[in-house]
Each structure stands twice: as structure tokens, then as C-alpha cells.
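Trainee: Below is the sequence, then the predicted model.
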Amino acid sequence: MKEGKSTGQIILSHTITYFNLLNLILFGLILLSGQYKNMFFMGIVVSNSLIGIIQELKVKKLIDALSVITATKAKLLVADGIREIPIEELQIDDTIQVAAGDQIVADCTVRTSEGMEVNESLLTGESVPVLKKPGDLLYSGSYIVAGSGTGQVLHTGEDNYATQLVKKARTKKRATSEMQDAIKRIIKYVSYAIIPIGITLFCIQYFRAGENLSDSLVNTVAGVLGMIPEGLVLLTSVSFILGVGRLARKKALVQEMEAIEALARVDVLCLDKTGTITTGKLTVNSILPLHDCSEEKICCFMDGLVFAFSETNATSEALQNFFHDTKPFPVTDTVPFSSQRKFMGVSFQGQGSFVLGAPEFLTREASVLQQAETCASQGLRVLLLASCQTLSTSPGGLAQVSPMALILLSDCIKEDAPETFHFFANQGVKVKIVSGDNPATVSTVGVQAGIDGAERFIDASTLPKDETALRKTVSQYTVFGRVSPEMKQAIIHACQAEGHVVGMVGDGVNDVLALKDSDCGIAMAKGADAAKQTAHIVLMDSDFASMKNIVKEGRTVIANIERVSALYLTKTIYSILLCVLFIIMGKPYPFIPIQLSLIGAAAIGIPSFLLALEHHEEVTSSGFLRHVLRFSLPGALSLCGVLLGIQFLAGPLHFSDALISTLNLLAGGIVSLGVVAFVCHPMTKRRMAICIGITILFVGAFFLFPEFFGILPVLKIMLYH
């Protein structure tokens, strides 16, 4: 739903379709035949289109309202500060401000840069950040992974470089939809078969079966009409549309409708710790000086280092709340934090250089690492402050690193986290934590939150590079710490290679690669622009606990479609088989359109609509087509067998044409109602009421309107001899 349809496009998508055109041709043939009562099917066609249009327009209104909230905006520098404006209002030569997590919305020239690093993977396919200096180009579609700065707009709208490359450059994987893929294959094959079968059937009816032109046209229309799975197409599209609407009311913006099915089938869910398991609101717990370094000296350098950068995140906010912006020394150089290098650094005039980051990335001192590990095992986030000779953008480039202090931060586990993870465990969904933090810290938090297997953790930097070995290792662990963006992506790929449907929940730039390659990417509305643009679903309330209701809703939609699809496919299968069989036998087709309309309404349309409203969450993990054929194929074969039996008995028992038509309709109704009962298993009071209601409807029509449906009155059948 990212690129929303206009009202006109919605109307056209539900009216100008292959099957609607085919129905219009069949309608014309019925007009030509003069048997106007058989035109009843057009009422259903028109109703289907209207239902689809009305439902999608209602959902469009709701989605448009939500999309405004997540629309990409630009931070425009004006005389009195910064003003957020829609990207459509940007003009050439405007100056915009960008910081870590922002997506570049227009081609720009860098005016100022505070260690600004840009990921241009959506354009170039290369995920290694590029350091940008004044005068360099910023391309729209790329995003800031570290630092901040300003840029002067060069191009807008269609002139942007990214616009020219959007189809080639966007590598985001679409949400997977096994069900829609299967339905598209069915429609494709049926579409190929309809015209040649229809023409052959007419020729047999007219030249061999001895029917007049009018009856031959009606019989041909009946055969072709039954083959069209238009109800299945409508059911799927409307169910997805309604699902998008219901999820929107639960504060989830679905950017691709296929994501509903992918979410329903997810059996491995990867997520970060911060903002999902924990509140994301960090506080500085304590400072542990190292090597007799005074706390006063530590705080002095931290005061300068923490406030040397303009971009903010949960960690920097916690540090800024604890330390003070005293500006103790002039800053001569900075290296902003990025998820790749795991540290930030600053050089002070006359004082040297200092770095702050993950201890294991900055030092090899065993005593320091052991102390950091002990703190991490208590669920604390540990940062190391150290001095160094010169700054570098990579840990390997730092020289003479001397540890000064461990800065300990704590984060609170969300109150509803244990309940949420208990729900996923009951649903058969394995949760894996992929975090940039210390694996021991993450493991402790995971165990406290009640995640199954959270005690099994590993440092992602030690994961094997070989794909086969990686797949085996990933399947053995639940918690992955010190995970780089590329490793998150590799973990997603490893799970998918094992046959899992993988969901990824993230909110930062470091999650983008994993979000775009997951089967269903879920981002938080409060997260980075790049994450929201990449995700398939955006949680508008940024609350991971709402995933429970969203997964339930998605599973309800897909489970209902799986169940009632069998009803539509039964008709399609037996219609194709009957056409082929009666072409071979050279006999009149066993149904007329009005009879198929009765069977379709009583045994397909009404029950499918009512069953689609149920709250049923049992989704097959895979094999949609196989699952549906388990119900529809036996029903279709049974009906074909019964109808063949009637044809073979008609001669020896001297059945009249009217009696044959009556028995055909009766057989079609009984078998179709039987399929409904089979689909309704296990039976509930509501499903029992549906089965009884449609049976009464069919029997009532059969008894009360025999002439209208081209059959014998029941009394005549009883007296037949």
C-alpha cells in the first residue's frame, strides 16, 4: 500500500478486468439466445465489483489518514530555525538539515558535515558507509548512518537521481504471498483454457449434441461461467483490503497487502532488544574508574565528548542527561558513532583523543573485558571510555588505546513483554534477538522477559562466514550480540534458507538491510525514516506489544481465505472436468447458468461471506494450494462421478431431459452443500446454523421455483415412472 491508488484507479481495477470482460461477452451470448432468466449471474458480477470498490475506498480513506503521519518530510533551514515541510514543497537551493537515521529526500550538495556518513546501498548496492565532506553529493534514496550536516538542494521531484533509478536500485524484497501466487497460477491456467474449451463446447453442443442455437449458447455459457474463479479473486482482494483496514484501526500501517499473509505465516521473528523487550529509555547507572583514573577527570572528558555531536539516540540522551554541557575543551576532530564500528570519538585541543564504545571493540585488556562481561551478565549496557593517540574511523586504526572507565547504563524491561513473548511461543513462533549490545547483557534481558532459549547466546562477530555452517549455527542460538547490519541480514538469510518464514522488527538504520530482505519487515513509527520506508508494516504506536493483535488479525484473514477458497475451487475444478467430459461424450452440458447461480449463491457465495467473518487463527504454515485441494478435489470428483452416473442411467431408464436436468441440479446442490459442511469442520453452533440456513435456501428454491430453474416439480418426480 506504499504507493496508494487513486479513486479512479481503484474503480478501474475492480471493473476493467479479464473476467469481467469475459462475463460481459457471456451476457451478450445470453441476450442473443433469448433465455433472459439466465442473465442473473450479471447481478452477482456487478455486486462483486461494487463491494470491492466500496470496501477499498473506505480503507483508502483510513490509510491516507495514517500515511500523512508517516509521510517523509524535510527539515528546512529558515531564518528563525528549522521547519519541517513535505518533500514536495522543497525548492532548488533550499538548505536542509540531516542527521543519523534520516533518508536523503532530494539530491543535494553537502554544505556542512559533522562526520556525516551515508549508506548508498539502495542506489549502488554497496552497504559500506561513505564519508561525506563539504562539496560532496548526497543522492536521494540514500540515508545517514552516522554524523549530521546540511545540504543544498540540487534537484527535486522527477529530476532526482533516485527517481531515474528507482526500479533498478530498490532492492527491497516484496512481502511473500504463497496464497496469492497460487491463486495467480490458477487464474493463469484457467484463462488459457477458457476460450478453447468454450469454443469446442459450443461446437459439440450445436453440431453433435443436437441442440438448437439458443440452447447451445446457454449450455456453453454455463460451462464457461462455472470455470471462472471470479469469486475467489474477489474474496482474496476484499479480505486483504478489509484486513488492511482492520490493522489500520489497530495502529498498523500496511504498506504492502501481501505483508498480511507473510505476517500470518511467520514462524521466526527477529528483533532488537531496545524498544521491543526494553523501554528504550536508558539511564546511566554508575561509573567504574579504571587504572586509578579519577571520577572528576572522567566526567570532565565525558562532558566534552557527549555534547560534541548533534545527532541523538537513546544512549546519547541518557549520557546527556547524566553529564553536563560544560564545553571543557575546544573540539578539533570527531568520529560519530555508527553501528558498524561500535564507537564514537573526539579530539580535544591540547588534551588528546578519546573514544567511547563497546569494550571488546576498543581494548584487549583481559581484566577490563572480564569486568565488562561481569557487568553485562547483570543486564547492564557497558561502554568503555578510553584515551588514544589519534582518531580513526575503524577500531584497527586506533593507536595506544588506554582504558579510563566503564560507563554502566540500565534499561527497563517492558511490563507487557513477558505476556507478548508467551503469546508467540504458544503460536509456534521462534523469537531471535539480534542486537548490537553485549550478548551476555542481551541474554540476561531475554531470560528476564521470558523468551524461550534466551540463555543460548553468541557474539555475532564469531559467526562463521560459510553459509552452510552459518545456517547450522544460527539454528542453535536465540540471542545474537554485537550484530552488525550486514550480519543481521545474513542471519535473516540463514533462517530463510532453513525454510522459515522470517519477520524482522526494527527501528534503526542498522536494521534496514534485515528489514528489506525479511519476508515481513516491521518498523516503528518513531524509528528512522530509512527503516519506515523499507518496512512492509509500520507500527504507528511504536509498541511491540501490539504485534499480538496484529498477528491475530493477519492470521484470521488468511485462515478464513484458506477455508473458503475450497468452495470456489470446487466449482472451477468440476466445471473444467465436466466441460472436457461432455465434449468427449458429445452430450448437452448438465447445467444452465441459472442453476449454477443457485448453487453458487447457496453453497459458495453466502457461506464464504459468513465464514470469512469468523475469528479463526489456524493458518497452515505452507502449502496453500495443497491444503485447499484437500477439500475441493474430492468434492469436484464426486460431483463429476455422480453426473456421469446419471447420464449413463438416463438411457436404460428412459429419463426425460427435464428429469435429467432436475437430477443434475439436485446432485450439484447436495455435493456442494457437502463440501460446505466439510469445510465447516469442526462444527460450531454458528457453522451449524450456516449449514442449515443454506440447505433450507437451496431446498426452498428447488421446491418452490422449479420452472424458473428449469427442473421438474417435486410431485412430478415422485410420480415419474
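Mentor: Sure, I can see it. Numbering: from 1, shown residues only.

Trainee: what's around the nearest residue to Ala530 once chain neighbours are set aside, how many residues?
Mentor: Beyond its immediate neighbours in the sequence, the residue positioned closest to Ala530 (Cβ to Cβ, 6 or more residues apart in numbering) is Tyr143, lying 3.9 Å away. To be clear about C-beta, it is placed using only N, CA and C from the backbone, and glycine gets the same treatment. Under the neighbour criterion other Cβ atoms under 10 Å, Tyr143 is assigned a count of 26.

Trainee: Equivalent analysis for Ile537, please.
Mentor: Residue crowding around Ile537 was assessed by other Cβ under 10 Å; the count is 27.

Trainee: Please report the distance of it from Val505.
Mentor: For Ile537, the distance to Val505 (Cβ to Cβ, to the nearest Å) stands at 9 Å.

Trainee: quick one on the thing from earlier: for the residue nearest to Ala530, which residues are in contact?
Mentor: Residues near Tyr143 by Cβ atoms under 8 Å, 6 or more residues apart in numbering: 101-104, 118-119, 122, 509, 512, 528-530.

Trainee: now, which of these sits nearest Gly635?
Mentor: Nearest to Gly635 among those is Val512, at 47.2 Å by Cβ to Cβ.

Trainee: Could you pull out the buried residues of whichever strand or helix holds that closest one?
Mentor: With elements delineated by DSSP states H and E, Val512 resides in helix 512-517, which encompasses its position. The neighbour-count check on helix 512-517 (16 or more other Cβ atoms under 10 Å) flags 512-517 as buried.

Trainee: ditto for stretch 521-532
Mentor: For stretch 521-532, a neighbour-count test (16+ other Cβ under 10 Å) marks 521-525, 527-532 as buried.

Trainee: now do stretch 202-209
Mentor: Applying a neighbour-count criterion of 16+ other Cβ under 10 Å, one finds 202, 204-206, 209 buried in stretch 202-209.

Trainee: again with stretch 386-402
Mentor: In terms of neighbour count (16+ other Cβ under 10 Å), stretch 386-402 has its buried residues at 386-388, 391-393, 395, 398, 401.

Trainee: Pick the one among those residues closest to Asp93.
Mentor: Thr393 (31.2 Å).

Trainee: Surely that closest one is in a helix?
Mentor: No. With the criterion set as DSSP: H, G, I helix; E, B strand; the rest coil, the secondary structure at Thr393 is coil rather than a helix.

Trainee: how much space between the closest residue to it other than its chain neighbours and Thr390?
Mentor: Counting by Cβ to Cβ, 6+ apart, Val335 is the residue found nearest to Thr393 once chain neighbours are left out, at 5.7 Å. Noted for Val335: a distance of 11 Å to Thr390, by Cβ to Cβ.

Trainee: Repeat that for Lys251.
Mentor: The value you get for Lys251 to Thr390, if Cβ to Cβ is used, is 48 Å.

Trainee: quick one: least confident helix or strand in the chain?
Mentor: Comparing every helix and strand of the chain by mean pLDDT, DSSP states H and E singles out helix 161-169 as the least confident one, with a mean of 46.

Trainee: if we can go back for a sec, out of the buried residues of helix 512-517, who's nearest Pro590?
Mentor: Nearest to Pro590 out of the buried residues of helix 512-517 is Asp517 (Cβ to Cβ; 51.2 Å).

Trainee: The closest one touches Gln489, doesn't it?
Mentor: Yes. Under the criterion of Cβ atoms under 8 Å, Asp517 lies in contact with Gln489, with a separation of 5.7 Å.

Trainee: And the helices in the stretch 501-650 of the chain, which stretches?
Mentor: In the stretch 501-650 of the chain, the helices defined using DSSP state H, counting those that start in this stretch lie at 512-517, 529-534, 547-585, 593-600, 606-611, 624-650.

Trainee: Off-centre distance for the last one?
Mentor: Going by Cα atoms, centre = their mean, to the nearest Å, the spacing between the C-alpha centre of helix 624-650 and its chain's C-alpha centre is 36 Å.

Trainee: quick one: average pLDDT of whichever helix or strand comes after that helix?
Mentor: Downstream of helix 624-650, the first helix or strand assigned by DSSP H and E is helix 657-679. Averaged over helix 657-679, pLDDT sits at 92.

Trainee: go on, stretch 5-18?
Mentor: This predicted structure assigns stretch 5-18 an average pLDDT of 78.

Trainee: Give me the distance between the host helix or strand of Thr695 and the centre of its chain.
Mentor: For Thr695, the host element (DSSP H and E) is helix 685-704. The gap between the average C-alpha position of helix 685-704 and the chain average comes to 38 Å, counting by Cα atoms, centre = their mean.

Trainee: Now Thr278. Its backbone dihedrals?
Mentor: The phi and psi torsions at Thr278 (degrees, to the nearest 10) take the values phi -110, psi 170.

Trainee: Contact partners for it?
Mentor: 411-414, 417, 445.

Trainee: Export those to a markdown table and append columns for pLDDT.
Mentor: Conversion of the contacts of Thr278 to a markdown table gives the following (pLDDT from 0 to 100):
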| residue | pLDDT |
| --- | --- |
| Asp411 | 82 |
| Cys412 | 81 |
| Ile413 | 84 |
| Lys414 | 84 |
| Ala417 | 87 |
| Val445 | 88 |
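
Trainee: Now the buried members of those.
Mentor: Among the contacts of Thr278, those classed as buried by 16+ other Cβ under 10 Å are 411, 413-414, 417, 445.

Trainee: Out of those residues, which is nearest to Pro86?
Mentor: Sorting the buried ones among the contacts of Thr278 by how near they are to Pro86, with Cβ to Cβ, puts Lys414 at the top with 33.4 Å.

Trainee: That concludes my questions; thank you for your assistance.
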